[in-house]
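>>> What follows is a predicted protein model with its sequence.
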Amino acid sequence: MNRFSPTRLLTALLCAGLTLSAQAQDRDVRLPDLGSSANALISPQEAQDYGAAMLRQMRALDMVLDDAMLDDYINDLGYRLVSGSEKPKDHFQFFIAKDNIINAFAAPGGYIAVNSGLIVLTNNESELASVIAHEIGHITQNHLERAFEASKKDTPLMALILLGAIAAGAGAGAGDAAGAILMGGQGLLMQRQINFTRKDEIEADRAGIQTLANAGYDPNAMAAFFGRMEDTLRVGTGGDLGDVPALLQDHPVTMDRISDAKARAGALIAQQMKRPSGSTLDKTQWEKSTAPIAYVKDATSIAKHDHKGDLDTYLLMRERIRVLSNDAGQMATYYASNLQNEHGFDTPSNRYGYALALIRSNRGAKAVDELQPLLTAHPDNQILRMAMADAKLQAGHRAEAVSMYAALNQQSPRNRAIALGYAKALTDGGNQDDARQAAVMLMPMLDNNDEPELYRSFARASDKAGDPVRAGEAYADASYLSGRPFDAMEQLKRLLQRPDLDYYARARIQARISELTPLVMELHKRKVQTDDNPDGHSQQPLQNGGNCQGRVCFSASGNSH
């Protein structure tokens with residue numbers, strides 16, 4: 001992975017290029033395709049670099065729900081859809097925005113975010129897939145490039161506006177300024193700032209419905225979900241725009257649009273009825289996808305989607321999102337109250353959600369009691385087994401937890417969620433050999449991965465295993481991926497001062513400093529404030545005056561490095 005690939009002007013200028021002026025928003029015309037001058041202004045690689053920079057900045061603002069299990073789930077679902085899209089070879093990355101507002105958005109480079117609030121609102125996986133398929137449609141139909149083409153005259157002004165948003169959002173002591181300027185917490189690229197034309201929305205609908213059908217989902221799901229949003233608008237808002245779901249503000253829904261979606265879905269279903277049984281999803285098309293190897297599965301197993309009997313993976317993940325995006329104590333009360341008082345609420349997925357809320361609120365022993373009946377009914381379900389291992393570890397039964405994680409890891413050695421849980425169990429309370437085992441297990445997963453927690457977990461294991469240099473490098477990577485480039489630079493410079501570096505370690509660190517330098521210089525030149533550089537000037541010395549004395553240090557922000 002190019003952890004420190006230069007972003008040139010991406011942080012400041014490219015984000016502005018995708019913001020439409022009011023005049024451009026009203027133009028309901030066909031704009032040039034990728035071959036236009038828009039492509040000269042932003043290349044596919046620059047777009048991908050910008051999308052990655054946006055994701056790092058959103059992480060710095062705590063706007064991303066980072067969880068390995070959920071990340072695998074949303075990308076598994078996303079890549080299944082990409083395989084059925086018009087551009088299965090293009091780069092895509094899917095993530096969950098930590099925001100209870102009902103919305104989703106697409107960003108340059110194939111980055112697609114779905115808000116936690118939207119996922120919790122969906123009734124089934126097809127509804128969730130329909131929203132993601134619509135956003136994929138915006139990308140495959142080149143709507144972002146058209147927006148960039150339409151707004152290029154406004155780039156200087158929009159650059160200043162977004163620079164102000166970056167400064168207010170990431171600067172120390174910003175308080176509520178970030179939420180106000182970033183319009184409710186949608187990241188640096190706001191879908192409502194793009195406001196695609198009506199034709200773009202219908203085009204994305206049609207492409208998305210086709211993608212749904214190709215991927216084996218119910219093509220009626222899009223019309224059903226947007227129809228439910230329209231019902232919400234009619235019943236509960238009383239004309240107050242502030243009460244309108246953000247999804248409807250950004251993706252206006254009309255009866256004509258819903259009717260068009262229903263007609264399109266009906267035509268596709270009629271076509272599918274004429275096909276031989278089992279041909280809905282073309283395996284060769286799936287294999288063309290650029291999905292990471294962990295996501296590429298046989299088409300038949302994808303269609304089953306790892307459901308065990310009546311235990312729906314989607315329902316478990318929906319409750320996991322509900323718990324991880326809200327206060328743990330409040331969620332425990334929510335589940336306990338509804339399990340006791342609401343008829344029909346006592347389902348396996350809600351019991352799983354209750355157990356997660358108990359684990360997060362440090363009641364592991366009670367979580368074990370909640371999970372045991374579920375595991376008795378579904379003994380092979382990995383999600384439940386992982387939750388039980390977490391609960392056992394928190395309840396003080398470390399040996400049992402380690403044993404459970406070892407069995408899970410042997411069964412699925414490439415699963416990041418399992419690996420992170422296993423590494424925590426080995427590192428916390430284990431000896432140096434246990435920590436070394438954890439580090440060896442995690443190291444191959446670092447390549448082509450941008451999840452900060454994976455680097456932090458590897459760093460903790462490496463430090464305990466007696467390898468502070470590797471630990472320091474990993475902490476720097478975690479800082480960078482969390483939107484703290486100045487912290488990352490300072491950590492790397494300190495590592496370079498260690499007298500015990502061998503040739504290879506010194507070369508690695510120097511290479512990373514060289515890769516990170518252009519970005520840091522650009523941010524410094526433009527006096528862009530970030531959480532690790534609130535004054536927009538060169539980074540101040542970290543705690544301990546830069547003398548780590550052979551151990552892992554801590555920055556003033558509390559991050560290990």
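Good, I have the coordinates.

>>> Could you use CA atoms for every contact and neighbour count after this?
Fine.

>>> Could you measure from residue 78 over to residue 115?
14 Å (Cα to Cα, to the nearest Å).

>>> Please identify which of the two sits among more neighbours.
In this view residue 78 and residue 115 are compared by other Cα atoms under 10 Å, and residue 115 has more residues nearby, 25 against 22.

>>> can you count the residues close to the closest residue in space to that one that isn't next to it in sequence?
Ranked by Cα to Cα, 6 or more residues apart in numbering and with sequence neighbours excluded, the top spatial neighbour of residue 115 is residue 97, at 4.6 Å. Around residue 97 there are 29 other residues, counting by other Cα under 10 Å.

>>> I'd say residue 97 and residue 118 touch.
No: judged on Cα atoms under 8 Å, residue 97 makes no contact with residue 118 at a distance of 9.8 Å.

>>> low-scoring stretches of the stretch 301-450 of the chain, by residue?
301-310 (pLDDT under 70).

>>> hey, where'd the helices end up in it?
313-324, 328-341, 348-360, 364-377, 382-394, 398-411, 416-427, 432-442 (DSSP state H, counting those that start in this stretch).

>>> how about JSON lines for these, with distance to residue 492 added?
Listed next are those as JSON lines, based on distance: least, Cα to Cα, whole Å:
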{"stretch": "helix 313-324", "distance to residue 492": "32"}
{"stretch": "helix 328-341", "distance to residue 492": "36"}
{"stretch": "helix 348-360", "distance to residue 492": "33"}
{"stretch": "helix 364-377", "distance to residue 492": "38"}
{"stretch": "helix 382-394", "distance to residue 492": "33"}
{"stretch": "helix 398-411", "distance to residue 492": "32"}
{"stretch": "helix 416-427", "distance to residue 492": "24"}
{"stretch": "helix 432-442", "distance to residue 492": "20"}
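
>>> For the ones you listed, give me CSV that also has mean neighbour count.
Listed next are those as CSV, based on neighbours: other Cα atoms under 10 Å:
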stretch, mean neighbour count
helix 313-324, 21
helix 328-341, 16
helix 348-360, 24
helix 364-377, 17
helix 382-394, 22
helix 398-411, 18
helix 416-427, 24
helix 432-442, 20
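
>>> Ok, which of those comes nearest residue 514?
helix 432-442 (25.5 Å; Cα to Cα).

>>> Pull the contacting residues for the residue nearest to residue 372 when sequence neighbours are not counted.
Nearest residue to residue 372 in three dimensions, chain neighbours excluded: residue 388, at 7.9 Å (Cα to Cα, 6+ apart). Taking Cα atoms under 8 Å, 6 or more residues apart in numbering, we find residue 388 in contact with 367-368, 371-372, 401.

>>> Okay, residue 496 and residue 509: tell me how far apart.
Distance from residue 496 to residue 509, by Cα to Cα: 7 Å.

>>> Just the strands from the stretch 1-150 of the chain, written as ranges.
93-97, 104-107, 111-115 (DSSP state E, counting those that start in this stretch).

>>> Deepest-packed of the ones you listed, please.
Among the strands of the stretch 1-150 of the chain, strand 104-107 has the highest mean neighbour count (mean count of other Cα atoms under 10 Å), at a mean of 26.

>>> pLDDT on that strand, on average?
Averaging pLDDT along strand 104-107 yields 87.

>>> Also stretch 73-88?
Mean predicted confidence for stretch 73-88 is 94.

>>> what do you get for stretch 142-153?
64.

>>> how about the longest helix seen in the chain: buried residues?
The longest helix of the chain (DSSP state H) is helix 503-525. Within helix 503-525, the residues scored as buried using 16 or more other Cα atoms under 10 Å are 505-506, 509-510, 512-513, 515-520, 522-524.

>>> Repeat that for stretch 489-500.
Counting neighbours by 16+ other Cα under 10 Å, stretch 489-500 gives 489-496 as buried.

>>> can you check stretch 48-57 too?
48-57.

>>> What's the mean pLDDT across that stretch?
Mean predicted confidence for stretch 48-57 is 84.

>>> Please apply the same query to stretch 219-237.
On average, stretch 219-237 scores 72.

>>> where's residue 453 relative to residue 525, distance?
30 Å.

>>> Same question for residue 56.
Counting by Cα to Cα, the gap from residue 56 to residue 525 is 20 Å.

>>> Same check on residue 444?
36 Å.

>>> again with residue 96
To residue 525, residue 96 is 32 Å away according to Cα to Cα.

>>> care to break the chain down by domain?
Domain ranges of the chain: 10-278+299-304, 316-396, per automatic domain parsing.

>>> quick one, what contacts residue 66?
So residue 66 contacts 96, 451, 453 (Cα under 8 Å, 6+ apart).
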